[in-house]
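Colleague: Here you go, sequence then predicted model.
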Amino acid sequence: MSEKGLEMLQRMLGESRAQEVRGAWEKLSPDFARYVTDFLAGDIWARPGLDLKTRSLITVAAMTALGRPNGLRLNIEMALNNGVTEQEILEALLHMAPYAGFPACWEGLLIANEVFKQRQPQKGS
């Protein structure tokens with residue numbers, strides 16, 4: 001696995017979450033885990049032309065338009081870690097309604113809401 005790809009995943013997810021996600025990919029397919037880590041994280045996300053915040057918003061929009069709930073959930077997590085605000089994510093999702101359809105927007109909003117709630121500190125802790 002490429003060090004650059006591992007570092008990028010850890011930067012966007014945090015070390016423990018990156019290990020958790022990579023472990024799940026490894027169980028499904030070691031080759032898939034390697035491609036995502038080396039090519040997607042190490043080559044594509046590390047390119048100099050756009051900052052991580054912009055890449056995250058683009059990816060959230062693409063996952064919404066394509067109807068990819070697992071990818072959307074993970075990329076909303078990464079977007080928040082890359083400096084995108086909850087409000088910016090909601091705006092990107094709303095912007096998808098006329099282009100990808102209202103059902104895609106709705107599903108995206110539901111997933112975003114789940115991710116936002118998971119990141120809130122638990123009451124009583």
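Modeller: All right, it came through fine.

Colleague: Where is the longest helix in this protein?
Modeller: Secondary structure of the chain read by DSSP state H shows that its longest helix is helix 102-119.

Colleague: can you pull the contacts of the residue most central in space within the chain?
Modeller: Nearest to the mean C-alpha position of the chain, by CA atoms, centre = their mean, lies residue 75 at 0.9 Å. The neighbours of residue 75, taking CB atoms under 8 Å, 6 or more residues apart in numbering as the test, are 56, 59-60, 63. Backbone N, C-alpha and C define where each C-beta goes, glycine included.

Colleague: Which members of these occur in helices, if any?
Modeller: 56, 59-60, 63.

Colleague: Filter those down to the buried ones, PyMOL style.
Modeller: Remark: buried members of those, expressed as a PyMOL selection using 16 or more other CB atoms under 10 Å:
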select buried, resi 56+59+60+63
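
Colleague: Using CSV, lay out the ones in helices among the contacts of residue 75 together with pLDDT and distance to residue 79.
Modeller: Formatted as CSV, the ones in helices among the contacts of residue 75 follow (pLDDT from 0 to 100; distance: CB to CB, whole Å):
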residue, pLDDT, distance to residue 79
56, 98, 4
59, 98, 8
60, 98, 6
63, 98, 10
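
Colleague: tell me the two of the ones in helices among the contacts of residue 75 that are most distant?
Modeller: Using CB to CB, the pair of the ones in helices among the contacts of residue 75 lying farthest apart is 56 and 63, separated by 10.5 Å.
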